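**Student:** When you get a sec, could you give me coordinates for this:
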Amino acid sequence: MTTIASGTDTLTRDALTVLQPGFTGTTAPDWLLRRVGEGLASVGLFGRNIASSEQLAALTERLREERDDVLVAIDEEGGDVTRLEVRTGSSFPGNHALGAVDDTELTRSVALELGRRLAECGVNLNWAPSADVNSNPGNPVIGVRSFGADTGLVARHTAAYVAGLQSAGVAACTKHFPGHGDTAVDSHHALPRIDVDPAVLRERDLVPFRAAIDAGTKAVMSAHILVPALDPDRPATLSRRILTDLLRGELDYDGLIVTDGMEMQAIAGTYGIERGSVLAIAAGADAICVGGGLADDETVRRLRDALVTAVRAGELPEERLADAAARVRALARWTASAASGAPVTADEEVGLRAARRALRITGGETFAPLTEPPYVAALTPVANIAVGDETPWGVAAELARLLPGTETGGFAGEDAGRAALEAAGERRVVAVVRDEHRHPWMASALGTLLAARPDTIVVEMGVPRASPRASLHIATHGAARVCGRAAAEVIAGA
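**Tutor:** Residues are numbered from 1 along each chain as shown. Next up is the predicted model:
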C-alpha cells in the first residue's frame, strides 16, 4: 500500500478519504494524483473522462500507481445513462427494458457483462442500479432508469442486478434511497418533496432497497429529496433519521452510504456543498459524491477543510468521520480482493438480445417491412442532466445502416408536426418520441403527423404510457443504441 504523504494528520486524511471527486480530462491531473497520495480514496468518472476502453484502462492504472486500492467510481447504468459509451449510445438497453422482459436471469446476465467491461477497464464501483419504483408517470428524472412501477418487479430485478454486477468484482451502489420514483421535480434543479404516508413508503419504495441489502449491495446512494413522513426538516442525504435510524437501524444495512452529487441544486442551492457535506457525514453518510459539475482541486480542498473545521468546532464528531473513512477503506479492500476472482466469460451480445426481447409491438399484423429509406422525425424533448445531451439516441443511425439513404431531423415545439411533414416530403415517416405522455407538444405533433400520414410508424423510446395510435407502434422501453437497433430491425424486416 502506498504510504500517505508525510505531514498529513489522521483527521485531514479521513476528511480526504470520504470524498469522491471528479475531474476534467482523459488523464489524471497532477492535483488528483497528489490528493490520492495524501489519502483520497475514491475518484468519480464521467463521460468527459472517457475516450476509449484502452484510454480508460490506462487512466485507472495510473491512479493505482498512487494507491493500489483506490475506488474508481462511475455512473454507468446502461440504457439512457451511459458514460462508457457516451458518444455512441449504450450496448445495454437499461432498466425499464429489463423490467419489461421480466426475466431476472437476463437482468443478472446484463449486469454481469456490464460489470465485466467496467472491471476490464479498472472501474470497481458503479453508482447503479436505480432501485426507484417509478410510481409517478410524470417523473422527469427517473423514468426509463427504473425497472418499472411495480414494487415486486423492481425489487427482484434490483437484487438480480446487484448480484450480477458484484459477481464481476464491481461494487454496486443501489440508488436513490429512500426512493426517487414518486417525484415531479428533478433534484438536479431543485429539492423534490414526496408527501406520502409512512406505510406507503415501506410497502412501495423501501422494498427494493431491502432486496438490494439482502443481495449484498456494497453501497447505497442517498437521494436529495424531502420526505416529511420520515423527516420533515431535512432531505434524505442530510437526515440522520433516514440514513442512520432507518437505513442503518431498521433495514440493518452495514455497507457504504454514498451521497448523490452534492453540486446538485437540491443541496448546493439550499445548504451549499460545504455545509451540506458536513451535515451528510453527521447524518450517517460515508462518502461525498461531488464532481458532476465541480471537478477541481479547489473543490476538494474546500470540502476537506470544511469537514476538518467542523470536527475541530465540535459540529461533527471525530468518531463519525473516522467511521465513515473506515467504511470507505473497507469497500476499497473488498474491491481489491474481488478483482482477483475468477475471470468472467464475455457475453457481448446480451444487451442486444435483451433489447430485442423488450420490444412491444402494436398493430404490426399487416405491416410490410420498409424497402425504401424513410424520413425519421425525432420529436426531441430536453434531456435531463443525468442522461445528458451528448449521447445519441433514436433509430435513424440504425435505419441508415439497414436502409441507406435514410434521412433524419429533430423537431420540438408547437410547430414540430408541420415542420416534420415538410421535411419528410414524400418519404415514409418514422416518428420517434420519448415520453409522449409527459409532453403535450409532442402528442400534438404526433397527431398532426398521423392525420396527414396515417402510415407513419411510431417508435416510443421512453416510458410507453400514451395509447398507441399508429398502424405500427413500437415501444422499446429505452433510448439506448441497442434499443434503436432492435426497433430498426423490425421496421426494415432485418
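**Student:** any idea how far the residue of the chain most remote from its centre lies from Pro373?
**Tutor:** Taking Cα atoms, centre = their mean, the residue of the chain most remote from its mean C-alpha position is Glu426, at 39.8 Å. Using Cβ to Cβ, to the nearest Å, Glu426 is found at 12 Å from Pro373. Heads up, the C-betas are built off the backbone N, CA and C, glycines and all.
**Student:** Determine the residues that are contacts of both of those two.
**Tutor:** Counting by Cβ atoms under 8 Å, 6 or more residues apart in numbering, Glu426 and Pro373 have no common neighbour.
**Student:** which residues touch stretch 231-242?
**Tutor:** Stretch 231-242 is contacted by residues 177-178, 191, 222-227, 230, 243, 259-260, 262, 266-267, 271, 276, 279-280, 282-285 when judged by Cβ under 8 Å, 6+ apart.
**Student:** so Asn443 touches Ser467, yeah?
**Tutor:** Asn isn't right for residue 443; it's Ala. No. With contact defined as Cβ atoms under 8 Å, Ala443 does not reach Ser467; the gap is 10.3 Å.
**Student:** Same drill for the two, tell me which one is more crowded.
**Tutor:** Ala443 (17 against 9; other Cβ atoms under 10 Å).
**Student:** State whether that one is indeed within a helix.
**Tutor:** Yes. Assessed with DSSP: H, G, I helix; E, B strand; the rest coil, Ala443 lies in a helix.
**Student:** nearest spatial neighbour of it, skipping sequence neighbours?
**Tutor:** Glu436 (5.4 Å; Cβ to Cβ, 6 or more residues apart in numbering).
**Student:** need the contact list for the one you found.
**Tutor:** Residues in contact with Glu436, defined by Cβ under 8 Å, 6+ apart, are 379, 442-443, 446, 460, 462, 465-466.
**Student:** can I get the residues you listed in CSV with pLDDT and distance to Val43?
**Tutor:** Converted to CSV, these look like this (pLDDT from 0 to 100; distance: Cβ to Cβ, whole Å):
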residue, pLDDT, distance to Val43
Leu379, 95, 38
Met442, 96, 39
Ala443, 96, 43
Leu446, 97, 44
Glu460, 97, 37
Gly462, 95, 32
Arg465, 93, 38
Ala466, 94, 41
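**Student:** hmm, back to that, any idea how far the residue nearest to Ala443 lies from Thr380?
**Tutor:** Distance, Glu436 to Thr380, using Cβ to Cβ: 12 Å.
**Student:** Over to Val154?
**Tutor:** Applying Cβ to Cβ to Val154 and Thr380 gives a distance of 28 Å.
**Student:** Those two: who's more crowded?
**Tutor:** Set Val154 next to Thr380 and count neighbours by other Cβ under 10 Å: Val154 wins out with 30 against 20.
**Student:** got the contact list for Val433?
**Tutor:** So, once contact is read as Cβ under 8 Å, 6+ apart, Val433 ends up touching 379, 442, 446, 458-462.
**Student:** For the stretch 51-200 of the chain, which segments are assigned as helices?
**Tutor:** With helices called from DSSP state H, counting those that start in this stretch, the stretch 51-200 of the chain shows them at 53-66, 95-101, 104-120, 151-167, 198-200.
**Student:** can those helices go into a markdown table with extra columns for mean pLDDT?
**Tutor:** As requested, the helices of the stretch 51-200 of the chain are exported to a markdown table (pLDDT from 0 to 100):
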| stretch | mean pLDDT |
| --- | --- |
| helix 53-66 | 97 |
| helix 95-101 | 98 |
| helix 104-120 | 97 |
| helix 151-167 | 98 |
| helix 198-200 | 94 |
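**Student:** Distance to Leu251 for the ones you listed - can I get that in CSV?
**Tutor:** Shown next, in CSV, are these (distance: least, Cβ to Cβ, whole Å):
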stretch, distance to Leu251
helix 53-66, 32
helix 95-101, 21
helix 104-120, 22
helix 151-167, 13
helix 198-200, 14
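**Student:** Alright, calling it a day.
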